[in-house]
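**Student:** turn this into a model:
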Amino acid sequence: MFNWLNVSMTRKISGLSFVLLSFLFVVIVYSAYQSQRIYKEMHEVAEIDVPLSEVMADIEMLQLKQHLLMESIRQQGDVFFSDQSLQEKSIEGFDRFSAQLAAQLDKSTEILRTGLGFGSIRIKLLDHRSLIQHINLLHQHRIKFDHLVDDFLKQGKQGFSTSWPMLELQDKGLDTQTDELLRKIDQLTINVSAAVESQERHFVVMNAVLGISAFGIGTYLTLYIIITF
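**Tutor:** Numbers count the residues shown, from 1 in each chain. The predicted model follows:
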C-alpha cells in the first residue's frame, strides 16, 4: 500500500490504464467469441431443427391423405374389387404415398447427416443421431406397409378378412412411429432453442459485468488524474 502511494503519478496512471485496457480487451474477445458461438447455435436451429419440423409436417399431411384413402376402401367393402378404375386409383394413391413418404424420410436423413458431417450440429449431438435411427425404423414400417398392400390387392375379396386387419394395424403403427418422431423433433427443437436463449442471457450478463468493471476503472482513473492535477 505504501509502495503504491510512493510511486510516481506516471506509473500509477500507466498501471491503471493497463488494467483498463486489459478489461476492454477481454470484453472485445469475449463478445466476439460468444457472438460467433450464438450464431452457430442459431444456424443449427434454422438449418437443422426447423427444416426437420417442416418435413414432419409434410409427412403428417401424407398420413392424413393415406387415412382417407383407406377409409374409402373400407367403406366400399367388396364393391372395391368390382370396380377396376377404383382399384387403379387406389393403387396409384398407395404408390404415391409410399414414394412421397420415402422422399420425405430421405430428405430428413440428408438434413441430419449433412449437419453432422459438417459440424453444424453442436447441441444435443446424440439426440440428433438417434433421430436417424428412428427415421430408418419408419422406412422399415413403410416397406412392410407396401408389402401388406400388395398382399391385400392380390387376395381380392378375401383380403378384407385376411390382409386388411394387418394392413390397418401396420398403418396405426406407422402413425405411432411418425407421431413419436415428430414429438422427438419438437422436443429437440425446444431444447436447442432454450440452450441458445441461455447462451444469450449469459452473454448479456457477462458483457454487463465486464463493461461495468471497465467503466468503474475508467472512472476511477479519470477522477484520479483530475484530482492529482
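**Student:** and the residue nearest the centre of the chain, how far from residue 72?
**Tutor:** Residue closest to the mean C-alpha point of the chain, counted by C-alpha atoms, centre = their mean, is residue 49 at 2.0 Å. Counting by C-beta to C-beta, to the nearest Å, the gap from residue 49 to residue 72 is 36 Å. Where C-beta positions appear, they are placed from N, C-alpha and C, glycine not excepted.
**Student:** mind saving the C-alpha coords of stretch 161-179 as CSV?
**Tutor:** Output in CSV follows, covering the C-alpha atoms of stretch 161-179 (Å, rounded to 0.1, in the frame of the first residue of the first chain):
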residue,chain,number,x,y,z
SER,A,161,-60.7,-60.9,-43.8
THR,A,162,-57.0,-61.8,-44.0
SER,A,163,-54.7,-58.9,-45.0
TRP,A,164,-56.9,-55.9,-44.2
PRO,A,165,-56.7,-56.1,-40.4
MET,A,166,-52.9,-56.4,-40.5
LEU,A,167,-52.8,-53.5,-43.0
GLU,A,168,-54.8,-51.3,-40.6
LEU,A,169,-52.6,-52.4,-37.7
GLN,A,170,-49.5,-51.5,-39.7
ASP,A,171,-51.0,-48.2,-40.7
LYS,A,172,-51.6,-47.4,-37.0
GLY,A,173,-48.0,-48.4,-36.2
LEU,A,174,-46.8,-46.1,-38.9
ASP,A,175,-48.8,-43.3,-37.3
THR,A,176,-47.4,-44.1,-33.9
GLN,A,177,-43.8,-44.0,-35.1
THR,A,178,-44.5,-40.8,-37.1
ASP,A,179,-46.0,-39.1,-34.0
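**Student:** all numbers from here: first residue = 56
**Tutor:** Right, with 56 as the first residue, what we last looked at is stretch 216-234.
**Student:** tell me which residues in that stretch are buried?
**Tutor:** Neighbour-count burial for stretch 216-234, counted by 16 or more other C-beta atoms under 10 Å, picks out 218, 219, 222, 225, 226, 229, 232, 233.
**Student:** any chance of those in TSV, plus secondary structure and pLDDT?
**Tutor:** Listed next are the buried residues of stretch 216-234 as TSV, based on DSSP: H, G, I helix; E, B strand; the rest coil; pLDDT from 0 to 100:
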residue	secondary structure	pLDDT
218	helix	84
219	helix	88
222	helix	87
225	helix	88
226	helix	87
229	helix	86
232	helix	86
233	helix	84
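**Student:** run a quick neighbour tally on residue 172.
**Tutor:** 9 (other C-beta atoms under 10 Å).
**Student:** pLDDT score assigned to it?
**Tutor:** On the pLDDT scale, residue 172 is placed at 71.
**Student:** again, but for the one 3 residues further on
**Tutor:** Per-residue pLDDT puts residue 175 at 61.
**Student:** please identify the helix or strand for residue 146.
**Tutor:** helix 139-172 (DSSP states H and E).
**Student:** actually residue 267, sorry about that
**Tutor:** helix 214-283.
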